[in-house]
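Colleague: Next input, structure requested:
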Amino acid sequence: MSGAENVGQDGAKARAALALRVREHIIRMATEGGCFIGASLSCADVIVHLYTEVLDIAPDRLDDDSRDYFFLSKGHDVPALYGTLAELGYIDKDRLKNHLSVDDHIYWHPNRKMPAVEFHSGSLGHLLSVSMGVATDIKLRGGNNKVYVMLGDGECNEGSVWEAALVAGAHKLDNLVVVVDRNEFQANIRTEELIPLEPLQNKWQAMGWHTRRCDGHDFAALDQAFTDLPFGEGAPSVVICDTVRGKGLPSIEKRADRWFVNFTADEIAQLLEELHGQAEAQLTSEALHVR
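Modeller: Prediction:
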């Protein structure tokens, strides 16, 4: 094995260990009010990869206009973002215990009063337009930094997403990168059962975007997918990351009825054990159901 391969494997192992700790944070935030645990677990690896390997940003550069920008448009997955920020020193880990507390700003959706949160999100379909505006501003100022925005696949049902995609393609915003968390669920139904999205990659290409698709839980695949940005001169880029809702917890993986749950303290303890390969959790708490 070459030295480069060794370094690559060691880096992937470090990211996997970091993502495991982020998943622990997500699980702990799924009690005393609950959180959107399934989708947060699906995008944890991708967010870890972005913050450790892709984004030009650091805790001491949050006001630097030359930094990269990251927008979490699928705001309900903010436990994955907060867990990553806590592990990387952007926020104190102890603050995560304040989830849903009136004494802090760690809620079900991103809050700009938190470090590294660029914009409020939660009402789906808006942050691609916001990101496009920031990318345009950077272009007009002659900057070289990039703007990244993570969308949910169900969010891609929003017309505002495709309007922004059309405009970004028309304006050749090659400093704009979309990341789609393709976990194949929205709320408590599969995307292809409600409004089929496939062929999703072709849709982005038709809007003038350069596209790639990868396994969103494979760090080697993520390394390859996010190299050489932008993917082509004079066009925005999109990476569609195929993921598993509830990744890491067999008891909730790919479960339509386990997207948002307020677990008991005992269930949280069981889920943490399950995350580390011990017995599968026995869950009785009811999930939020959208009718």
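
Colleague: which residues in the stretch 51-200 of the chain form strands?
Modeller: Under the criterion DSSP state E, counting those that start in this stretch, the stretch 51-200 of the chain contains strands at 69-72, 147-152, 176-182, 185-186, 189-190.

Colleague: Which stretch among those is buried most, on average?
Modeller: Stretch with highest mean neighbour count among the strands of the stretch 51-200 of the chain: strand 176-182 (a mean of 28; mean count of other CB atoms under 10 Å). (C-beta placed from N, C-alpha, C; glycine too.)

Colleague: what's in contact with that strand?
Modeller: 39, 42-43, 46, 50, 74, 77, 128, 131-132, 135, 146-153, 156, 165, 168, 200, 204, 209, 216, 229-230, 236-243 (CB atoms under 8 Å, 6 or more residues apart in numbering).

Colleague: ok, now with 7 Å
Modeller: Here strand 176-182 makes contact (CB atoms under 7 Å, 6 or more residues apart in numbering) with 42-43, 46, 74, 128, 131-132, 135, 146-153, 156, 168, 200, 216, 229, 236-243.

Colleague: Just the endpoints, please. Distance across stretch 53-60?
Modeller: Stretch 53-60 has an end-to-end distance of 17 Å (criterion: CA to CA, to the nearest Å).

Colleague: Tell me which residues of it come out buried.
Modeller: For stretch 53-60, burial by neighbour count (16 or more other CB atoms under 10 Å) applies to Val54, Leu55, Ile57.

Colleague: want to throw those into TSV with distance to Arg182 and pLDDT?
Modeller: Converted to TSV, the buried residues of stretch 53-60 look like this (distance: CB to CB, whole Å; pLDDT from 0 to 100):
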residue	distance to Arg182	pLDDT
Val54	18	98
Leu55	20	98
Ile57	24	97
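
Colleague: circling back to that earlier point, for the strands of the stretch 51-200 of the chain, could you give me TSV that also reports mean pLDDT and distance to Ala265?
Modeller: Shown next, in TSV, are these (pLDDT from 0 to 100; distance: least, CB to CB, whole Å):
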stretch	mean pLDDT	distance to Ala265
strand 69-72	98	28
strand 147-152	98	29
strand 176-182	98	29
strand 185-186	92	27
strand 189-190	92	30
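
Colleague: Show me what the helix or strand where Ser40 lies is packed up against.
Modeller: If you go by DSSP states H and E, Ser40 is part of helix 37-49. Here helix 37-49 touches helix 3-28, helix 78-87, strand 176-182, helix 219-225, going by 3 or more CB pairs under 7 Å, 6 or more residues apart in numbering; DSSP states H and E.

Colleague: average pLDDT across that helix?
Modeller: Averaged over helix 37-49, pLDDT sits at 97.

Colleague: List the contacts of that helix.
Modeller: 15, 18-19, 22-23, 26, 30, 74, 76-77, 79-81, 84, 150, 152, 179, 181, 183, 216-217, 219, 222, 241, 243-249, 252, 258-259, 261.

Colleague: I'd like the strands of the stretch 51-200 of the chain as JSON lines, with distance to Gly122 appended.
Modeller: Compiled in JSON lines, the strands of the stretch 51-200 of the chain are given as follows (distance: least, CB to CB, whole Å):
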{"stretch": "strand 69-72", "distance to Gly122": "10"}
{"stretch": "strand 147-152", "distance to Gly122": "12"}
{"stretch": "strand 176-182", "distance to Gly122": "15"}
{"stretch": "strand 185-186", "distance to Gly122": "15"}
{"stretch": "strand 189-190", "distance to Gly122": "20"}
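
Colleague: State the pLDDT value of the closest residue to Ser129 other than its chain neighbours.
Modeller: Nearest residue to Ser129, sequence neighbours excluded (CB to CB, 6 or more residues apart in numbering): Ala164, at 4.4 Å. Ala164 is assigned 97 on the pLDDT scale.
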